[in-house]
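Colleague: let me see the structure of the following:
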Amino acid sequence: MKLGSLFGRPKTLASSKKQIPVKESKLAVEMEKKKKPGQFDIIWPKVEPQQVKDYQAILTVSDLKKYLERCIQTGIAGFDWETAASEEIRAHYKKAFEGIEEACATGIIDDKEAESRSESLEKAYLKTPLDPWKGEICTVSLSAAAHESRVVPISHKVGQVFEPSMDRDEARKLVLDLLDEYLFKNENVLKIAVNLSFETKYAAKYGKYILGKVADPLIMWVRCLQIVAPHKINNPKKPTSGWGLKPATKQIFGVTMNDFTALLKKYKVDFFDEIDASKGEGLLYSAEDSDYAVQHYEYWSQIAAQIPRYEEWLHKIEMPFTRVIGLMEYWGMNWDPNLATQKKQEAEIMQEQAAERIKQIAKETFNIDINTGKSGKTNEVKSLMFDYLKIPVAKYGKTGASLDQEALIDMAFMLENKLNDIDEEKYLSVPLPENWENIDPETNPTLDKLERGAIRIAKREPHPYKEQALEVIDQLKKIQKYTTLLSSHIVGREKYLNFMSGRIHAGYSPFTETGRLNSFNPNGQNVPRPDNDEFKIRNFFVPKPGKILFFIDFSGFELRLMAWKSGDEVMIELFNTGGDMHRRTASVMTGKPEDEIVKKERTDAKAGNFGRVIGLMPK
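Modeller: Below you'll find the predicted structure:
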């Protein structure tokens with residue numbers, strides 16, 4: 001018990017002083033109204049309970065036309081594809097599985113190897129519906145309004161199908177022709193699909209293009225959350241993580257949608273076309289996607305409308321652009337395998353020659369034999385460089401002295417300029433005093449710190465193994481260049497070559513922290529610059545007969561946009577005269593003339609320039 005609780009509260013009298021009301025100033029009112037940067041005061045929409053669902057199958061042309069007319073009446077068409085492996089692909093993989101079994105039975109491979117190959121093949125097989133070059137649209141769902149959906153089972157091995165008397169390819173063509181006529185070419189109907197790029201590339205497979213007004217709720221909720229509620233994003237680097245259609249529907253509407261993998265597992269099948277989509281769980285699964293596409297669009301539209309000037313950008317730029325992504329992914333790039341193989345062999349030979357030269361230098365200079373390995377980064381190479389050649393270390397990594405590209409450049413720079421440490425670079429731009437040859441930098445009291453350092457370097461003897469060290473560094477650069485060439489640009493791309501299209505189909509995502517596209521499997525944007533492309537990697541990508549391939553590189557594109565929007569006279573002048581923006585910024589930051597700016601200073605300035613555009617913050 002607290003001691004104070006033993007005593008009652010003393011009585012107090014009200015103050016006799018009269019309170020004078022304080023008049024609220026206009027400044028206080030304005031300060032109250034003014035929002036902080038990034039503050040939107042969003043009114044989150046009230047979610048109404050789900051209604052009884054109107055989900056039905058469409059099995060005739062007349063019913064399909066009737067529902068497409070309803071989409072025109074409402075001005076809305078949520079839509080979604082369900083896809084499955086094509087018959088050609090099923091036959092291809094069946095033969096491949098049989099080949100593994102035969103190889104195991106005849107002793108060409110053992111059981112363990114057969115199991116490993118079968119597992120890899122099965123993973124690839126089950127992913128084929130995601131690839132329009134290997135899959136087919138087996139089901140279409142449409143929604144003209146929330147809480148309703150129509151499912152068109154086109155090619156299913158069980159259950160009823162659309163116009164059963166027709167050939168399945170003809171039936172599929174008929175469905176897509178009608179969608180094209182009623183919806184895709186209709187400027188007045190808003191076409192809504194979650195992850196629209198996927199629907200776009202499958203439509204392109206059949207020569208259909210989704211024109212006019214479109215919406216992608218996935219773009220809507222990710223972008224809206226990034227702007228007004230970033231704390232709800234689980235992983236800022238992968239903002240869609242935890243925010244796919246199913247988790248988003250659970251989060252917003254409290255509805256648990258059917259799980260695709262669980263559905264296939266329940267029926268013990270590989271693909272959706274092996275489930276009846278004309279009724280039951282197959283119908284429900286397909287219908288939900290287009291229904292909730294519409295519901296999400298209506299929900300997130302209310303949020304986007306509260307973000308100043310964003311709704312127009314969303315509808316005219318961001319969401320339509322997902323169609324471009326779909327087309328880029330579908331068409332990919334033609335690849336010349338013969339030229340790639342030729343250049344691969346050349347790179348391997350030159351890699352071996354560079355390694356042999358390093359071994360030769362070690363033998364001739366110190367009479368030692370070393371193993372360079374494939375990368376040239378072995379402990380024996382490090383010992384040659386730092387124990388025998390006494391090359392100054394540029395930087396350290398987790399495993400000791402670094403031999404990465406930046407470190408090699410810095411080491412060569414130190415050898416050329418007689419530096420013992422890369423931090424001594426700052427002394428190189430210091431003017432030497434008159435008669436410096438006769439000045440002792442250790443005892444002369446008139447020198448400042450920079451002059452003292454500059455004289456020390458000027459008086460140093462060149463490195464005793466300078467020539468050998470520079471050549472080792474040069475050969476290591478070659479090895480690393482050829483290693484990168486092989487791993488990233490030849491072998492690393494060849495594994496993504498689509499055996500059906502003969503093309504490489506890189507993926508693209510707009511969900512980056514910088515606002516640029518991210519490319520993956522493989523990185524379609526990681527192509528060497530023409531001035532650094534010894535093996536002409538760009539020539540591996542070839543146009544189809546009758547087509548041309550051209551490259552556009554917008555140098556400093558974000559900075560050009562910033563100069564245009566801001567009207568900054570200095571930036572505009574630099575772009576118009578071919579000036580160096582980063583060098584100018586470094587000059588302002590350091591107070592040094594532009595011609596005295598060193599590489600690191602320019603690099604730091606470059607990060608600052610681009611950082612302002614993409615919202616870069618200190619870590």
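Colleague: so where is the stretch 451-600 of the chain shaky, pLDDT-wise?
Modeller: 514 (pLDDT under 70).
Colleague: what about the strands in it?
Modeller: Listed in chain order, the strands of the stretch 451-600 of the chain (DSSP state E, counting those that start in this stretch) span 503-504, 507-509, 518-520.
Colleague: to Ile233, which of those strands lies closest?
Modeller: Ranking those by proximity to Ile233 (C-beta to C-beta) places strand 507-509 first, at 14.6 Å. Quick note: C-beta positions are derived from backbone N, CA and C, even for glycine.
Colleague: buried sites along that closest one?
Modeller: For strand 507-509, the neighbour count (16 or more other C-beta atoms under 10 Å) marks Gly507, Tyr508 as buried.
Colleague: neighbouring contacts of that strand?
Modeller: Strand 507-509 is contacted from outside by Ser197, Ile325, Met328, Glu329, Leu517, Asn518, Ser519, Phe520, Asn521, Gly524, using C-beta atoms under 8 Å, 6 or more residues apart in numbering.
Colleague: tell me the SS of Leu225?
Modeller: helix (DSSP: H, G, I helix; E, B strand; the rest coil).
Colleague: ugh, wrong one, I meant Glu136
Modeller: strand.
Colleague: for Lys65, see how far away it is.
Modeller: 23 Å (C-beta to C-beta, to the nearest Å).
Colleague: those two: which has the busier surroundings?
Modeller: Using other C-beta atoms under 10 Å, the more surrounded residue of Glu136 and Lys65 is Glu136, with 25 against 14.
Colleague: what's across from that one in the sheet?
Modeller: Ala84 (DSSP bridges).
Colleague: quick one: the strands in the protein, in order.
Modeller: 54-57, 76-85, 135-143, 148-153, 190-192, 214-215, 333-334, 396-397, 400-401, 503-504, 507-509, 518-520 (DSSP state E).
Colleague: out of these, which comes closest to Glu380?
Modeller: strand 400-401 (13.1 Å).
Colleague: how far off centre is the closest one?
Modeller: In terms of C-alpha atoms, centre = their mean, to the nearest Å, the centre of strand 400-401 is found 31 Å from the chain centre.
Colleague: what's in contact with that strand?
Modeller: For strand 400-401, using C-beta under 8 Å, 6+ apart, the contacting residues are Lys382, Met385, Phe386, Val393, Ala394, Lys395, Ala407.
Colleague: among these, which are in helices?
Modeller: Lys382, Ala407 (DSSP state H).
Colleague: from the contacts of strand 400-401, which is closest to Lys418?
Modeller: Closest to Lys418, out of all of these and judged by C-beta to C-beta, is Ala394, at 14.8 Å.
Colleague: relative to Lys395, how far out is the nearest residue to that closest one once chain neighbours are set aside?
Modeller: Computed as C-beta to C-beta, 6 or more residues apart in numbering, the closest residue to Ala394 that is not its neighbour in sequence is Asp410, at 3.6 Å. Applying C-beta to C-beta, the value for Asp410 to Lys395 is 7 Å.
Colleague: and if you look at Lys359?
Modeller: 25 Å.
Colleague: between those two, which one's more packed in?
Modeller: Lys359 (18 against 13).
Colleague: now do that one, the pLDDT please.
Modeller: At Lys359, the pLDDT value in this model is 96.
Colleague: tell me who's in contact with the residue nearest to it when sequence neighbours are not counted.
Modeller: Nearest non-adjacent residue to Lys359, counting by C-beta to C-beta, 6+ apart: Ile370, 6.0 Å away. The neighbourhood of Ile370, defined by C-beta under 8 Å, 6+ apart, consists of Ile358, Lys359, Ala362, Thr378, Glu380, Val381, Ser383, Leu384.
Colleague: for the residues you listed, which one is nearest Tyr465?
Modeller: Nearest member of these to Tyr465, counting by C-beta to C-beta, is Leu384, at 10.3 Å.
Colleague: list the contacts of the closest one.
Modeller: Contacts of Leu384 by C-beta under 8 Å, 6+ apart are Ile358, Ile361, Ala362, Phe366, Ile368, Ile370, Val472.
Colleague: and the fifth one, how far is that from Asp387?
Modeller: So that's Ile368. Distance from Ile368 to Asp387, by C-beta to C-beta: 10 Å.
Colleague: how long is stretch 208-224 from one end to the other?
Modeller: 30 Å (C-alpha to C-alpha, to the nearest Å).
Colleague: sorry, back to before: mind listing the shared neighbours of Asp410 and Lys395?
Modeller: Common neighbours of Asp410 and Lys395 (C-beta under 8 Å, 6+ apart) are Ile422.
Colleague: pop the domain breakdown of the chain in here.
Modeller: 54-86+134-331, 340-483, 557-614 (automatic domain parsing).
Colleague: could you dump those domains into a markdown table and include distance to Tyr125?
Modeller: Formatted as a markdown table, those follow (distance: least, C-beta to C-beta, whole Å):
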| stretch | distance to Tyr125 |
| --- | --- |
| domain 54-86+134-331 | 7 |
| domain 340-483 | 26 |
| domain 557-614 | 40 |
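Colleague: of all those, which lies closest to Cys104?
Modeller: Per C-beta to C-beta, nearest to Cys104 of these: domain 54-86+134-331, 21.9 Å.
Colleague: how far does the closest one sit from its chain's centre?
Modeller: 23 Å.
Colleague: ranges for the helices of the stretch 251-400 of the chain?
Modeller: 260-267, 280-304, 310-313, 319-331, 337-366, 379-382 (DSSP state H, counting those that start in this stretch).
Colleague: and among those, the most buried is which?
Modeller: helix 280-304 (a mean of 23; mean count of other C-beta atoms under 10 Å).
Colleague: report the central residue of the protein.
Modeller: Asn518 (2.2 Å; C-alpha atoms, centre = their mean).
Colleague: measure the residue lying closest to Val613 once chain neighbours are set aside to Val527 for me?
Modeller: Leaving out its chain neighbours, the residue that sits closest to Val613 by C-beta to C-beta, 6+ apart is Glu558, at 4.3 Å. Glu558 is 20 Å from Val527, where distance means C-beta to C-beta.
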